[in-house]
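# build the 3D model from these lines:
(chains A and B)
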Amino acid sequence: MLTIKNLHAGISEKEILKGFNLEVKAGEVHAIMGPNGSGKSTLSNVLAGKKEYEVTAGEVKFKGKDLLVMSPEDRAREGLFLAFQYPIEIPGVSNINFLKTAINEIRAYKKMQPIDAKDFLKLVKEKQALVELQVTLANRSVNEGFSGGEKKRNEIFQMAMLEPTLCILDETDSGLDIDALRIVANGVNKLRSKNRSFVVITHYQRLLDYIIPDFVHVMYDGRIVKSGAKELALELEKKGYDWVKEKLAVGSGQ
Amino acid sequence: MIATKENKATIPAQLEGEFQTLLSKTFSSEPEWLKEKRKEAFDSFCQTGLPTRKNEEYKYTDLKKIFSGNFTAVHNESHALNFIPAPIAEGSIRLVFINGWLHKDSTLSSKLPKGVLIGNLATDGLLKHADFLKKNFSSNEDALSRLNDALWTDGAFVYVPENIRLEIPVEIIHISTGKKELLSSPRHLIIAEKNSSVSIIENNISVDTFAPMIINSQTDIFSGENSNVQYYRLQNDCRNVSLISSTHVKQEKNSHFDTNTITLGNEWTRNNLRIDLEGENCESHLNGLFVTNGTAHTDNHTSVLHNKPNGQSNQLYKGILDGRSTGIFNGKIFVERDAQKTNAYQSSKNILLSDDATINTKPQLEIYADDVKCSHGSSTGKLDEDALFYLRTRGLSEDSARRLLLYAFANDVLNTIKNESLKNYLEELVNERLEK
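Below is the predicted model:
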């Protein structure tokens, strides 16, 4: 599904990713944990195609295709979805219009007919229920006036609508209370399938109580320094990130 | 130049001769009082001449350049037009003018409520209601309005008597066309008496304009006590045309006035909009949208004069500028000493799509009352890159993401339009414009 090899990338000539490697197979859930400043958000921005970030070395293959040469929209059309850490408010752009345009542009890319208006509304209703999003989206602008929890639920709702094959969740748990966290996690769990993979980026372990990962990776200074099963997250929670840093320092003989 | 070196007034050389020709021919059968008014206005114009860029009101708009051509103001000739635009608003009454003259094919519905007069100013107005016009004809201070006072040829005349709510909108269509360099001077007069209501669409377009044209248009609106007037000014795709459009509104107490000025794809436009709130408890909403590219020039000047207490005015002007186009928003708010409890708000927001586009915005507040709420705001920026990226990560192409964002920006203004069919028409037009 996704193969990242020796990825070096940065912003404003500052290198942040320094040889990042990751292999995600279909249906797998990978958690990437790491202290602040380890490059987690840079990774998600680079994968989504934010133009301010420059890739200086390495490659990213998505379903066998070179992801890095694609425009952000083509990445989305190929099945990549980024749930933003800070979803943007877009006044004046209706949620529903925007989603319909998105779905139809993705369908056009796949040489499919535009979605039928009735089917679309049915889909909206069904997917809204998935994340218990009760706001009447039809009359509201994208994320405008949404609470923190509603914004994150709206991200998962959009994810459900667009049916991607690779979902990147960038600190989706940040700013959520425990109820909202559970709702968001439930939504994600319902979307898990053998053809859909997840990369869950988080600072804290608590999200992983709800979304059980197949693999946990620890990111530090722009690359993965430790990988393991879901238990690694608990160990990290107990010992803190300093534990990894210390081990690294010893390992490199400093 | 007929002006002497001493007064240095800028007056196009041909005007004096042409004014005399107009007086002796075109205007010869007009009542004396009107001819006197014309002469007075022309003299007054000659004293000041065209405002230069030293004049604060015309700092960014160069009239000398516009008036430098070899145009004529004497041009009463009929034009065979094979294109008359379809009605915008459903079931509207339409008056069509070409280069400042009534187009003969204009047809009016006869099923008007009793007492309502809709026709042209030069014949229907002057022949049937001369006394009435004499009483209501106002002169204006601005030099260009003075020029129109002197040279106006024809235009719409709409009169709605007391207690009549005219449900059908009136469309005033002005078409510029032809091969001759012209200065057209259309003049429209709209009167809504006490407790009446009316909705006017003034639409300026150009069809086959093969020579540069100047339109110096003047519209006067009287909004009587407790009346409700909607006035929509549309300026769409006027090519080879320099459009000066001045509107002067007088509101009596408890009246409600809504106006939208929508400028799309014009080459050169100067809009003057002046509202006098002459009675207590008046409400005015002034909204504007312009979308420009190329070397287009769009200048919106508004002035709102609060003369009496409890008035409310609201202004929202938005611009989307691409290419090397320039835009100006100059909004004046005067609050007289007597106009306590005035609530006046003004906002100008602009998006620059290119590094070469320019916008100048200037709020001007003069407040002489002490118990008022007045505020103004202005913002200019580029398209929100983060929003653009967000939409693209959902599969929208860069083009449709841009269009969606720009449309959302413009829609704030379109949403204030109360006439549904006009709103739909403009939504489509703006969408089309944003695709280019």
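
# can you pull out the strands in the stretch 151-300 of chain B?
Taking DSSP state E, counting those that start in this stretch, the strands of the stretch 151-300 of chain B run over residues B:156-160, B:170-178, B:182-184, B:187-192, B:197-209, B:213-223, B:228-236, B:241-251, B:256-264, B:268-277, B:283-292, B:297-306.

# do the same with chain A
Using DSSP state E, the strands of chain A run over A:2-11, A:14-24, A:29-33, A:53-62, A:65-66, A:80-83, A:90-94, A:141-142, A:166-170, A:197-202, A:215-220, A:223-228.

# need those in TSV with mean pLDDT, can you?
Shown next, in TSV, are the strands of chain A (pLDDT from 0 to 100):
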stretch	mean pLDDT
strand A:2-11	95
strand A:14-24	95
strand A:29-33	94
strand A:53-62	95
strand A:65-66	96
strand A:80-83	96
strand A:90-94	89
strand A:141-142	90
strand A:166-170	95
strand A:197-202	94
strand A:215-220	93
strand A:223-228	91
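
# before we move on, the earlier item: among the strands of the stretch 151-300 of chain B, which comes closest to B:Leu391?
With distances scored as C-beta to C-beta, the stretch of the strands of the stretch 151-300 of chain B nearest to B:Leu391 is strand B:283-292 (20.1 Å). Every C-beta, even on glycine, is put in place using the N, C-alpha and C of the backbone.

# which elements pack onto the strand or helix carrying B:Lys135?
Assigned by DSSP states H and E, B:Lys135 falls within helix B:130-136. When contacts are defined as 3 or more C-beta pairs under 8 Å, 6 or more residues apart in numbering or on different chains; DSSP states H and E, helix B:130-136 sits against helix B:32-48, strand B:187-192.

# got the buried residues for that helix?
Using 16 or more other C-beta atoms under 10 Å in any protein chain shown as the test for burial, helix B:130-136 gives B:Leu133.

# do stretch B:289-309 as well
Across stretch B:289-309, burial judged by 16+ other C-beta under 10 Å covers B:289-293, B:296-309.

# who touches stretch A:224-232?
Under the contact criterion C-beta atoms under 8 Å, 6 or more residues apart in numbering or on different chains, stretch A:224-232 has outside partners A:20-22, A:31-32, A:208, A:212-219, A:244, A:247-248.

# what sits against the residue of chain A found nearest chain B?
In chain A, no residue comes nearer to chain B than A:Gly92, which is 2.9 Å away by C-beta to the nearest C-beta. By C-beta under 8 Å, 6+ apart, the contact list for A:Gly92 reads A:141, B:407-409, B:411-412.

# ok, and the closest non-adjacent residue to the residue of chain B found nearest chain A?
Closest approach between chain B and chain A, counting by C-beta to the nearest C-beta: B:Ala408, at 2.9 Å. Sequence neighbours aside, A:Gly92 is the residue nearest to B:Ala408 in space, at 2.9 Å (criterion: C-beta to C-beta, 6 or more residues apart in numbering or on different chains).

# ok, now B:Arg146?
In space, B:Arg146 is closest to B:Phe45, 4.3 Å off (C-beta to C-beta, 6+ apart).

# repeat for B:Asp356
Closest to B:Asp356 by C-beta to C-beta, 6+ apart is B:Arg324, at 4.4 Å.

# which SSE is that neighbour in?
Applying DSSP H and E, one finds B:Arg324 in no helix or strand.

# related to what we said a few turns ago, now the buried members of the contacts of stretch A:224-232.
Buried by 16+ other C-beta under 10 Å: A:20, A:22, A:31-32, A:208, A:213, A:215-219, A:244, out of the contacts of stretch A:224-232.

# adding distance to A:Ile168, write the residues you listed out as JSON lines.
Shown next, in JSON lines, are the buried ones among the contacts of stretch A:224-232 (distance: C-beta to C-beta, whole Å):
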{"residue": "A:Phe20", "distance to A:Ile168": "14"}
{"residue": "A:Leu22", "distance to A:Ile168": "11"}
{"residue": "A:Ala31", "distance to A:Ile168": "12"}
{"residue": "A:Ile32", "distance to A:Ile168": "9"}
{"residue": "A:Leu208", "distance to A:Ile168": "15"}
{"residue": "A:Pro213", "distance to A:Ile168": "13"}
{"residue": "A:Phe215", "distance to A:Ile168": "15"}
{"residue": "A:Val216", "distance to A:Ile168": "16"}
{"residue": "A:His217", "distance to A:Ile168": "13"}
{"residue": "A:Val218", "distance to A:Ile168": "17"}
{"residue": "A:Met219", "distance to A:Ile168": "14"}
{"residue": "A:Val244", "distance to A:Ile168": "22"}
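
# right, and the pair among the residues you listed with maximum separation?
Longest span within the buried ones among the contacts of stretch A:224-232, C-beta to C-beta: A:Phe20 and A:Leu208, 20.4 Å.

# circling back: would you say the residue of chain B closest to chain A is within a strand?
No. With DSSP: H, G, I helix; E, B strand; the rest coil as the criterion, B:Ala408 is located in helix rather than a strand.
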